[in-house]
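**Q** Here is my input; please provide its structure:
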Amino acid sequence: MNLTENLFIDTGYSQCCHFEEKACGDAVAFKRIIPEERLLAVMADGLGHGVKANILALMTTTMALRFVAEDREIVHSAEIIMDALPVCQVRHISYATFTIVDTRLGGLTRVVEMGNPEFLLLRGGKPLEITGREFASPKYQDRTMTTYSFQVQPQDRLIFFSDGVSQAGLGTPNFPLGWRNSGVLEYVLKQVGEDPDISAQELSERILREAIAHEPGLRPKDDITAVCLYYREPRKMLLFTGPPFDQNRDAECAKMFQEFPGTKVICGGTSAEIIARELKLPLSVDLSTMGGDLPPLSRMPGADLVTEGIFTLSRAASYLEKGDYTKLDPAEKLVELMRRHDIIEFVVGTRVNEAHQDPNLPVDLELRRNIIRRLETVLRDRYMKEVRITFV
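**A** Next up is the predicted model:
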């Protein structure tokens, strides 16, 4: 999500369940408000664990996103959330803690916390302390909220998590009080120090793995969730697929590809042949990637990845929709590049591929367009990417 011309928010989160449960009692949700150049992030921790906690957390994130997007008064909004949550029959209370982050145009950011561990803000590789203001609900006297307002800067990192992280290992000889915020901070500083460009997703995954490592037998006694936001210059990627409708534009597309200031990908044999011909570059099949159920990769100087078209794009869309990044095939390599970049530009040719079918039946063209739209939707809504599509 673009905040200013040179500031982008890289988002990521990782979570796991209590070792005896299949439903996570924590929930995370993001929302982009494009006209306002605004990103909202909410993490909620439902009371207890399991299905009931999952319901509490999901309800909380859904309502919190809506209220914050509408700029409703936060104390009253929290009261509405508490009134709406189902009451636990055992403890006779309805409860979910939450952390809300609202980043607006230019980097102005507000954080609201109720019950969760205090967030971490890193600037220049060091922790930055932000003073908050406490608010109490007249209706729920025991539930106070703290709000923080600050201006983010390029390379800032905002990290927040459920108490499953800060209390990991609680009661063990090495961590009688749990991992604690101080332990999480020390670990995060080490990770960022060793890898200054680490992505938000990778950092959240490392925090999760380290928290689990603190638990006896690697069996978490609580739901564990870590969310990371990384404010930085955007990483751009261009994906060229399909031949241009007018063959006279082949040279124009090749020049656009050559001059693009970022990672460059080609999906489609005909597309790769056009770029290779126009730029007079060698194109060869990567024999080491043969043997799977997708066509192998190809190699071309100046291209970071060259794959087959329709089948690989469709498989990549499926992986992104399912959150499955474990397959070692060309589609997974494409997905990995998409996840590592912030602005993804698709240049989609609209010429019917006569090698695939009767040119009087432009099913291939519609199929390509539909797949690109699927990719646009999942990249924008689930992975918070900025997607641009140009049909040629």
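
**Q** C-alpha from now on. contacts and neighbour counts both.
**A** Fine.

**Q** Looking at the helix or strand containing residue 193 now, give me its mean pLDDT.
**A** Taking DSSP states H and E as the criterion, residue 193 maps to helix 180-194. Mean pLDDT, helix 180-194: 97.

**Q** Name the residues that touch the very next helix or strand once past it?
**A** Using DSSP H and E, the next helix or strand after helix 180-194 towards the C-terminus is helix 200-213. By CA atoms under 8 Å, 6 or more residues apart in numbering, the residues outside helix 200-213 that reach it are 10-16, 164-166, 168-169, 179, 184, 187-188, 191, 218-220, 224-230.

**Q** Show me what secondary structure element comes after helix 200-213.
**A** strand 224-232.

**Q** just checking, what packs against the next helix or strand after that next one?
**A** Moving toward the C-terminus from strand 224-232, the next helix or strand (DSSP H and E) is strand 236-241. In this structure, strand 236-241 packs against strand 263-267, strand 343-348, with contacts taken as 3 or more CA pairs under 8 Å, 6 or more residues apart in numbering; DSSP states H and E.

**Q** tell me what the first one is packed against?
**A** What it means is strand 263-267. By 3+ CA pairs under 8 Å, 6+ apart, strand 263-267 packs against strand 236-241, strand 305-307, helix 310-322.

**Q** taking the ones you listed together, which one is wrapped up most tightly?
**A** Among those, strand 305-307 has the highest mean neighbour count (mean count of other CA atoms under 10 Å), at a mean of 25.

**Q** Can you name every helix or strand that it contacts?
**A** Strand 305-307 packs on strand 263-267, strand 298-299, going by 3+ CA pairs under 8 Å, 6+ apart.

**Q** so where's the protein uncertain?
**A** 1-6, 86-94, 352-366 (pLDDT under 70).

**Q** ok, which stretches of it are helices?
**A** With DSSP state H as the criterion, the chain has helices at 51-69, 74-84, 163-166, 180-194, 200-213, 250-259, 269-279, 310-322, 330-340, 363-381.

**Q** so how far is the first one from its chain's centroid?
**A** Spelled out, that is helix 51-69. Distance of helix 51-69 from the chain centroid (CA atoms, centre = their mean, to the nearest Å) equals 19 Å.

**Q** ok and it relative to helix 74-84, angle-wise?
**A** Angle, helix 51-69 to helix 74-84, by axes from the mean of the first three to the mean of the last three CA atoms, to 10 degrees: 150 degrees.
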